[in-house]
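Enquirer: what's the 3D shape of this:
(chains A and B)
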Amino acid sequence: MAITREEVLHVARLARLALSSDEADRMREQLGDILAYIRQLDRLDTSGVVPTSHAVETGTPYRDDSVHPFGEKEEILKNAPDREDDFFRVPRIIED
Amino acid sequence: MAAIPVHEWTLLDAARAVREREVSSRELTRALLERIDRMNPRINAYITILPEQAMREAAARDEELAAGGARGPLHGVPVALKDIFCTKGIRTTCGSRILHDFDPPYDATVTGKIREAGAVLLGKQNMDEFAMGSSTETSWFGPARNPWATDRIPGGSSGGTAAAVAAGTCFAGVGTDTGGSIRQPASLCGVVGVKPTYGRVSRYGMIAFASSLDQGGPIARTVPDAAAVLGVIAGHDRRDSTSVDVPVPDYLAATGRSVKGMRVGLPREYFAGGLDASVRTAVEKALGALVSLGAEGVEISLPHTEYALSTYYIIGPAEASSNLARYDGVRYGYRTEGAKGLIEMMSRTRGEGFGAEVKRRIMIGTYALSAGYYEAYYGKAQKVRTLLRRDFQEAFAGVDVILTPTAPTPAFRIGEKVDDPLTMYLSDIYTIPCNLAGIPGISVPCGMSPDGLPIGAQLLGRHFDEEAILAAAAAIEREIPLPRVAPEEG
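Expert: Just a heads-up that it's a prediction; the model follows:
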């Protein structure tokens, strides 16, 4: 199944994935091959088949809506690539 | 026992020796740290080794024992974890550049249970990046190598764990299995690997790849050793709503159970083309072992098997693409330098932080979930998943376990398939259906190829019937004795 370079770049944008020009070319080829392979599923008639979202049917478990404080804020914040006080710092969001 | 070097002891022997104070946890831990020093440069099985911390833990376990108290069944026994399980204050990388300096603020439930059982943590083991791969070649920290032949892959994605166990650098490890990532490397390294029923082991703190398929489980050198570790890590966890609240049986006892009268299904689709002759011979020998003990082989059909790989390569990447959305350079992990805006920062961080295989799967998943394609791909795959589950349900109406090869060939060479994703994906063809159906599976060594490479047999069981596959695997292990620690010069 052919996939165009434009489609590759569109999907990469949706996935927030910066690809080099070479990567985009390779991705177009490999994705085309993989998608062609997985489209074999089209040969199967699945009308009336109920989709599986959970491999083991256990119903929806309920739990008490109770608070369990984590209490180690610094342990979380210390992993931040950039921070200011108790905030994660990021580059500007609204571009010029 | 004195004749056998410490690194070749079984986990159960080591645990007993510590408990009965024949040996200290410090002695065991020191011996294995030395073994790691010697072997790891050749096999690259560990991303992080914890010598000081492990010796401190061992000393603490020895003191507890001297004061009269063992924590649990793994008291003082050195083990290790695939670097996908969060360990508080110990770097947890998932084999990725994007998490190369991540210090988790908490322990995974599996980590906690291993510690509560008294085990000593030797280190964190190498793996394919985000568990995506069948060879441990996609790790940001370089490929792990098979201790039986270091020019070959150990399998993947839990290849570091399987290689480490086979090289005698730990008594057991815990890996994860999304499409075969415990069983396939166990098979290729000549050790035992268990993929429990989905929901049997908590996924809390286990870095997510495909949430409806991921399951943690033990890799060890013997079936009873694996059963003992499974008993430690299994059980319900309120922090994982998909973990199931059913009692944990005595898995170790199950390994001593007779297989007389057991009905062993042989799916004809798993013994068709593409299966290496030496693998076929070895698996037939495993069947012969069970039959000699009074089990009965029954030919069965799992008619939708040929669709499993396609189904998996839609569902896995789709779930991965959304699970991996969290790596955006904001809260933890790698961040690119000098980006001018937020979107550019995130896109470049992800472009630089993820390797080729992870990007490929994010792309497949994003494509399959994108507007206009959802029904054709993800929707369709979920329906085929129902058909695959039904195949197993119908088969298990007539048999107790299913016996298959674990992998179509013994370990291939490093670099052989790395540029050909579809061929690489085919090495998981026998392990993937188990994850899609959520049933338990185990790989147990059953032979060697003509060039001295290990071969494993896979046993599959009904949901929550790990006991049956442990019993059958233990029987095969007793009937077909094989070396479990790779020779020094592999």
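Enquirer: average pLDDT across the strand or helix carrying residue A:8?
Expert: Using DSSP states H and E, the element containing residue A:8 is helix A:5-14. For helix A:5-14, mean pLDDT is 96.
Enquirer: Tally up the residues packed near the residue in chain B that chain A sits nearest to, please.
Expert: Here chain B gets closest to chain A at one residue, residue B:438, 2.6 Å apart by CB to the nearest CB. (C-beta placed from N, C-alpha, C; glycine too.) Residue B:438 has 23 neighbouring residues, counting by other CB atoms under 10 Å in any protein chain shown.
Enquirer: Ok, the one 4 residues further on next?
Expert: Other residues within reach of residue B:442, judged by other CB under 10 Å, total 34.
Enquirer: Could you identify the helix or strand that succeeds the helix or strand in which it is found?
Expert: Residue B:442 belongs to strand B:441-448 when assigned by DSSP H and E. Proceeding N to C from strand B:441-448, the next assigned helix or strand is strand B:454-461, under DSSP H and E.
Enquirer: Now that next one - C-alpha only, CSV.
Expert: Extracted in CSV, the C-alpha atoms of strand B:454-461 (Å, rounded to 0.1, in the frame of the first residue of the first chain):
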residue,chain,number,x,y,z
PRO,B,454,19.4,-23.1,22.7
ILE,B,455,15.9,-23.9,21.6
GLY,B,456,12.7,-23.4,23.7
ALA,B,457,9.3,-24.9,23.7
GLN,B,458,6.3,-22.8,24.5
LEU,B,459,3.3,-23.9,26.5
LEU,B,460,0.1,-21.9,26.6
GLY,B,461,-2.7,-22.3,29.1
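Enquirer: Pull the distance from that strand to the chain's centre.
Expert: On the basis of CA atoms, centre = their mean, to the nearest Å, strand B:454-461 sits 13 Å off its chain's mean C-alpha point.
Enquirer: Which of the helices or strands spans the residue lying farthest from the centre of chain B?
Expert: No residue in chain B has its C-alpha farther from the mean C-alpha position than residue B:340, which lies at 41.2 Å (CA atoms, centre = their mean). Taking DSSP H and E as the definition, one finds residue B:340 inside no helix or strand.
Enquirer: likewise the one 3 residues further on?
Expert: Using DSSP H and E, the secondary-structure element containing residue B:343 is helix B:342-353.
Enquirer: Return the set of buried residues in that helix.
Expert: Residues of helix B:342-353 classed as buried: B:342, B:344, B:345, B:346, B:347, B:348, B:349, B:350, B:351, B:353 (neighbour count, 16 or more other CB atoms under 10 Å in any protein chain shown).
Enquirer: Looking at stretch B:127-143 now, give me its mean pLDDT.
Expert: In this model, stretch B:127-143 carries a mean pLDDT of 97.
Enquirer: Please disregard the earlier target; I meant stretch B:20-29.
Expert: Summarised as a single mean, pLDDT over stretch B:20-29 is 98.
Enquirer: What are the buried residues along it?
Expert: By 16+ other CB under 10 Å, the buried positions in stretch B:20-29 come out as B:23, B:24, B:25, B:26, B:27, B:28, B:29.
Enquirer: so the second one touches residue B:63, yeah?
Expert: No - contact criterion CB atoms under 8 Å: residue B:24 and residue B:63 do not qualify, at 10.2 Å.
Enquirer: tell me the contacts of residue B:237?
Expert: When contacts are counted by CB atoms under 8 Å, 6 or more residues apart in numbering or on different chains, residue B:237 is found next to B:109, B:202, B:204, B:243.
Enquirer: And it, how far from residue B:340?
Expert: The gap separating residue B:237 from residue B:340 is 43 Å, by CB to CB, to the nearest Å.
Enquirer: from the buried residues of stretch B:20-29, which are also near chain A?
Expert: Intersecting those with the contacts of chain A gives an empty set (criterion: CB under 8 Å from any CB of the partner chain).
Enquirer: How about residue B:142, nearest residue that isn't a chain neighbour?
Expert: In this structure, residue B:142 finds its nearest non-sequential neighbour in residue B:44, 5.5 Å apart by CB to CB, 6 or more residues apart in numbering or on different chains.
Enquirer: Show the pLDDT at the one you found.
Expert: 98.
Enquirer: Repeat that for residue B:420.
Expert: 83.
Enquirer: neighbours of it, just the number please.
Expert: 12.
Enquirer: Now for it: which residues touch it?
Expert: Residues in contact with residue B:420 (CB under 8 Å, 6+ apart): none are found.
Enquirer: nearest residue to the residue farthest from the centre of chain B other than its sequence neighbours?
Expert: Nearest residue to residue B:340, sequence neighbours excluded (CB to CB, 6+ apart): residue A:91, at 6.4 Å.
Enquirer: What is the subsequent helix or strand relative to the longest helix along chain A?
Expert: For chain A, the helix with the greatest residue count under DSSP state H is helix A:21-38. Counting by DSSP H and E, the next helix or strand C-terminal to helix A:21-38 is helix A:73-77.
Enquirer: Pull the residues that contact stretch B:196-204.
Expert: Contacts of stretch B:196-204 with the rest of the structure, by CB under 8 Å, 6+ apart, involve A:55-56, A:58, B:108-110, B:211-217, B:230, B:233-237, B:239-240, B:242-244, B:435, B:438-440, B:463-466.
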